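*Asks:* Following is a predicted model, sequence given first.
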Amino acid sequence: MNHIPEEAWLLPYEAHRLLKKKWKTEQFINNPICKICGINMDDDYNSPARVSLDHIIPKSKGGLDIEENWQIMCHDCNVKKGDIIP
């Protein structure tokens, strides 16, 4: 009997949401530095759940929801950046 991964039963939206969560966690573990202010989020946040996943080119400005357009940053910087294109 073949094993079907649990994710295979998820709707595409849910599968994508889990992919984003996994990517954010991996980035936090490998390099927990905010791309804007340089804060070490590992010291201050202690959890990838408190880190923001930012779209470099905001979706509202035509940015795609793909890994190449994602970066992690602290919540404060993400709020300040809003939908500005760097």
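*Replies:* Perfect, I can see it now.

*Asks:* buried set for the worst-scoring helix or strand of the chain on mean pLDDT?
*Replies:* Sorting the helices and strands of the chain by mean pLDDT, DSSP states H and E puts helix 41-44 at the bottom, at a mean of 80. For helix 41-44, a neighbour-count test (16 or more other CB atoms under 10 Å) marks M41 as buried. Heads up, the C-betas are built off the backbone N, CA and C, glycines and all.

*Asks:* can you tell me which residue is nearest the centre of this structure?
*Replies:* In the chain, the C-alpha nearest the mean C-alpha coordinate belongs to L53, at 3.0 Å (CA atoms, centre = their mean).

*Asks:* Give me the spatial nearest neighbour of it, chain neighbours excluded.
*Replies:* Nearest non-adjacent residue to L53, counting by CB to CB, 6 or more residues apart in numbering: K24, 4.7 Å away.

*Asks:* How about P58?
*Replies:* Per CB to CB, 6+ apart, closest to P58 is D83, 4.0 Å.

*Asks:* how about low-confidence regions in this structure?
*Replies:* The chain contains residues with pLDDT under 70 at 1-11, 45-49.

*Asks:* can you give me the strands in it?
*Replies:* For the chain, the strands defined by DSSP state E cover 52-55, 70-73.

*Asks:* can you put those strands in CSV and add distance to K61?
*Replies:* Shown next, in CSV, are these (distance: least, CB to CB, whole Å):
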stretch, distance to K61
strand 52-55, 9
strand 70-73, 15
